[in-house]
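Novice: With the input below, show me the fold.
(chains A and B)
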There are 2 protein chains.
Amino acid sequence: MTSRMELLSSLAVENQTKMVLLVVDGLGGLPGPKGLTELETARTPNLDELAARSETGLLEIVDLGITAGSGPAHLALFGYDPLEFVVGRGILEALGVGALVAPGDICARGNLCRWGEREIVVDRRAGRVSTERSLRILERLGREIPEISGVRVTLYPSQEHRFVAVFSGAGLDERVFDADPQRDGRPMRWAAPKAPEGEFTAGVANAFIRRVAELLEGDPQVSGCLLRGFSGVPALPGLKELYRIRSAALAGYPMYRGLARLVGMDVLEAGPRQRDLFRTVQAYWDDYDFFFIHVKTADLCGEDGDFNGKVQALESLDEDIPVLADLQPTVFVVTGDHSTPSLLKGHSWHPVPFLFYSPYGRPDDVISFGERVCARGGLGRMEASRLMGLMLAHSLRLMKYGA
Amino acid sequence: MTSRMELLSSLAVENQTKMVLLVVDGLGGLPGPKGLTELETARTPNLDELAARSETGLLEIVDLGITAGSGPAHLALFGYDPLEFVVGRGILEALGVGALVAPGDICARGNLCRWGEREIVVDRRAGRVSTERSLRILERLGREIPEISGVRVTLYPSQEHRFVAVFSGAGLDERVFDADPQRDGRPMRWAAPKAPEGEFTAGVANAFIRRVAELLEGDPQVSGCLLRGFSGVPALPGLKELYRIRSAALAGYPMYRGLARLVGMDVLEAGPRQRDLFRTVQAYWDDYDFFFIHVKTADLCGEDGDFNGKVQALESLDEDIPVLADLQPTVFVVTGDHSTPSLLKGHSWHPVPFLFYSPYGRPDDVISFGERVCARGGLGRMEASRLMGLMLAHSLRLMKYGA
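Specialist: Presented below is the predicted three-dimensional model:
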C-alpha cells in the first residue's frame, strides 16, 4: 500500500455526507472537423451549470502519455495507484463476462479449438464457432466437469470460441504458463508452473483440458480447448476498511460491476437505461456514503469513430444529470476513465476533464464542461488516484494531520 | 531505471511515424529593457504559426529552481531522469572536445602546469600557455606515451593549458581522487583510490603524470601536468533498446554530439550552418524515427549578455523552421535545454517554453511562442524527462496499459 493511501486511511472518519462519482466512459476526445471536441460540441447546459459552481481540471489517469485500459483506469479513480495494484487479463476477462470471483480463485481465458492427431492444435479458434453453438458446448462441459481434483470449475461463455474458466479451491496459484501453442498447426503446449507454487494449478488446468478433449472427441470442428492468462483475484484493500465508507456501484456492463466488487462495493441492480441507473441511486440514497456510477455509450461511439454519436450520447447524459444533482450530494464528481477520441477509434492517453462540486470548493472561472476549458481549471492537472482523497476531504471525512 | 521508464519501454511498439525534437540551446530568457524577453521580442512568424497549431507549456529541466548543465539537461530531454543518470565532468569535457569514448574508458580533465623543486606545483595553468603551443606539446606527449601498463592513452587538446585524457583498457575505474594540489605553490597531490577498485587507475594516472614530467623536464613554462574529474562512460540504456526507435542527432558542437552518442543516437555529419543541419534531416528522413537537432547561437549570445544578438539568433532560427515543418513530422517539438537570459549571462533555472505539435493534440489558445504565453498553455508545467513519453504516445508508439 502506498504511503499516501495509508495516510488517508489513518485520517478517515465516518459522517453523514454523500459522495457521487459519475464516470463517463471514454469522456475525453480530440477536435473534430470544426475544431471542437465531442464534449465541446455537445450542448450540455446541466453539466455547464454544474461546472460553473465547481472546480475543474484534467485527470492524468495512469501517467502522462500512458493509455489506460479499463482496469487500471477504474482502480485509479477508486484511489488505488494503478502501477502498484495490477489486475490481470484473466480476471478482467472474467469480470467482463460477469463471473463472480472470490479471493483465492484463479481465472483463465479459454478458447474452444480443434485438436488433430498427436496433440496437434489444428485451429486455435475452432473455425470461429458460432456464439450459439459455443454456448451449448460450454453448458455441457460445465455440467460434465463440475470439479477437477477437488477444485470447482465454472465456465462462462463469451463471444464465438472464447470463454472464461474460474477455478475455485484451496492451493491454487496464478504462476502458470499458458496452455496454448500460440499458433495453429503446432503441437499442444501444456500448462506449466512458473514457480513451484503453480504446479498444482497447472496440473488442474491440464487435467481439465484432457477431460474436455475426451468429451468432445469426434467432433470435426470443436474438439478441445486452450487456457491462457491465468490470474488470481488481486488482494485489494477494500474501501470500507480503508476509508470507513459504505460504497455502491451502478453499472450496466459486467466488467465495471466486477471492478467495483474488487474494491468492496455493493453492486446494485438497475434497469438497462442510464436514467434507471441514476434513479436507483435515488432509491438507495440513505444506504450508502459513496456512489460510483458508470455510463458506457460515449465510449462505444468513440470506439466506432462516430463523432456525432458521441456528441449525442453526451447530450443525452446531460439531460439526466438533474436526477443526480437534485439529490444534492456533498461531493459530486463528473469525469471519465480515459479518453476515447472518435479520431483514434480507441482509448487514448489524453487527460480527461473533470468537474468537482462541493460546498467547500473555490469555484474557478470555468463555466462550461470541456477538455480545454478544464485545462485552465482551478484544480489543474491531477493524477486520477488522488481524486478519492480529495472527495474524502471535501466530504469532511479526513481528520487533521498532526496537531 | 525508473519504473516510469520501464513502463514506457514495456509498452513501446514500432511504426512508420517520425518525431523531431529541435533543441534551441539557452532558449528561455528574462525581460529586457522593454519588459519583453528575447523570445518575446523576436519576430518569429513561423514558430508562432506552429504554436497556434500545437499544445504549449513550460519544461522544468531538472527541478524547480535548479539550473541545469548541458549534460543533465539533454539527458532529461532524451527521457532520462537527470537525478538518476549522472554524467561526470570528465566525460562531459571529453565529449566537448570531440573525444570518442566507449564503455569501460575513463576520462579526466587535464592541465598543463609548471613543476618546481621537490614536486611543488608552481603554476597550475603553466602561465596560461597559448593554445597553439599547448597543441604542439600535447601532440608530442600523445606520440611518446601511447600506453601505460597496457592502458591506451589518448590526449585531446582544448583551450590554452586544458586538455582531456582518455584511458582505455581493462580494469579501469572512476573512483579516483584528483591528481591536483588545487592551489599554486603547493606540493603535488597524487591520484589516490576512493575505493580499492580505483587503485589500478590511480596508479596509471600517476605513472602518466611522471612520464609527462620526464618528457617536459627543463622547459621553463610547461614542465608537467595535472589530472582531475576522473569519470567513466555512464551505462545508459539506449533509445533503441528502450523504445525501439532509430534515432539520429544533428549538432554542430562536439558535446551535444557526444551526449547523443551516449544514448545510442547515430550522429550525422552536416555543414556548419543551421540550415545545413535542417537540410541533413531532410536527406536522412527515411532512415530514422527520431531526429534530435541542436542549435547553439541563442545560448552563446545569452552567455555574452547580448540581448539583441539573441533576438537575432531566434529570428534567424525562425526563418529556417519551414525546412523542418515541411517534412511534416508526426510529432514536432521545439524547446530548449535550459534558459540563458542575457540579464544573467549564463544558464539559469527558469523553465523553458515548448511547443508540441501532433495531429492528435488539443491545440490550446496560445498563438505565439514565448515564455509567458506558454506558461498558460494546455500542457502546463512539465518535467522535461516526461517529454519523451509524450512524444512516443503522440506518435502512436505506446500500447495500452492493462486491459
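
Novice: How much space separates the residue in the stretch 301-403 of chain A that chain B sits nearest to from A:R211?
Specialist: For the stretch 301-403 of chain A, the residue closest to chain B is A:W349, as judged by CB to the nearest CB, at 4.4 Å. For every residue, glycine as well, the C-beta is placed using N, CA and C. For A:W349, the distance to A:R211 (CB to CB, to the nearest Å) stands at 44 Å.

Novice: ok, the lowest-mean-pLDDT helix or strand in chain A near chain B or not?
Specialist: Lowest on mean pLDDT, DSSP states H and E among the helices and strands of chain A sits helix A:89-96, with a mean of 85. Yes. Helix A:89-96 is in contact with chain B by CB under 8 Å from any CB of the partner chain, via A:89, A:92-93.

Novice: Export the residues you listed as JSON lines, with columns for neighbour count.
Specialist: Output for the residues of helix A:89-96 next to chain B, formatted as JSON lines (neighbours: other CB atoms under 10 Å in any protein chain shown):
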{"residue": "A:R89", "neighbour count": "18"}
{"residue": "A:L92", "neighbour count": "24"}
{"residue": "A:E93", "neighbour count": "25"}
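
Novice: any chance of those in a markdown table, with distance to A:G271 too?
Specialist: Converted to a markdown table, these look like this (distance: CB to CB, whole Å):
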| residue | distance to A:G271 |
| --- | --- |
| A:R89 | 31 |
| A:L92 | 26 |
| A:E93 | 26 |
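
Novice: Give me the three-state assignment for A:V153.
Specialist: Put simply, A:V153 is strand when judged by DSSP: H, G, I helix; E, B strand; the rest coil.

Novice: got it, and A:I293?
Specialist: Three-state call for A:I293 (three-state DSSP): strand.

Novice: Now do the phi/psi pair for the residue lying closest to A:G28 once chain neighbours are set aside.
Specialist: Computed as CB to CB, 6 or more residues apart in numbering or on different chains, the closest residue to A:G28 that is not its neighbour in sequence is A:S339, at 2.9 Å. Torsion angles at A:S339 (phi, psi; degrees, to the nearest 10) stand at phi -90, psi 150.

Novice: could you list every residue that touches A:S339?
Specialist: Going by CB atoms under 8 Å, 6 or more residues apart in numbering or on different chains, A:S339 touches A:26-30, A:302, A:347-352.

Novice: quick one: which of those sit in strands?
Specialist: A:V352 (DSSP state E).

Novice: Mind checking which of the contacts of A:S339 land in helices?
Specialist: A:G302 (DSSP state H).

Novice: where's A:A283 relative to A:Q16, distance?
Specialist: A:A283 is 18 Å from A:Q16, by CB to CB.

Novice: which stretches of the stretch 301-403 of chain A form strands?
Specialist: For the stretch 301-403 of chain A, the strands defined by DSSP state E, counting those that start in this stretch occupy A:331-335, A:352-357, A:380-383.

Novice: mind putting those strands in JSON lines, distance to A:D184 and mean pLDDT included?
Specialist: JSON lines is the format used below for the strands of the stretch 301-403 of chain A (distance: least, CB to CB, whole Å; pLDDT from 0 to 100):
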{"stretch": "strand A:331-335", "distance to A:D184": "43", "mean pLDDT": "98"}
{"stretch": "strand A:352-357", "distance to A:D184": "40", "mean pLDDT": "98"}
{"stretch": "strand A:380-383", "distance to A:D184": "43", "mean pLDDT": "96"}
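
Novice: And the strands in the stretch 101-250 of chain A?
Specialist: A:106-115, A:120-123, A:147-148, A:151-157, A:162-168, A:176-177, A:186-187, A:192-193, A:224-232, A:247-251.

Novice: which parts of the stretch 251-400 of chain A sit against chain B?
Specialist: Residues of the stretch 251-400 of chain A lying close to chain B by CB under 8 Å from any CB are A:341, A:343-344, A:346-350, A:371-372, A:375-376, A:380-381.

Novice: go with 6 Å
Specialist: Within reach of chain B by CB under 6 Å from any CB of the partner chain, the stretch 251-400 of chain A has these residues: A:347, A:349, A:371-372, A:375, A:381.

Novice: Which of those ranks first by neighbour count?
Specialist: Comparing those by number of neighbours (other CB atoms under 10 Å in any protein chain shown), A:W349 comes first, having 27 neighbours.

Novice: Check the burial of the residue nearest to A:I321 when sequence neighbours are not counted by counting its neighbours.
Specialist: Spatial nearest neighbour of A:I321, chain neighbours left out: A:N46 (4.0 Å); criterion: CB to CB, 6+ apart. Neighbours of A:N46 under the rule other CB under 10 Å: 18.

Novice: For A:N46, give me its contacts.
Specialist: A:318, A:321-322 (CB atoms under 6 Å, 6 or more residues apart in numbering or on different chains).
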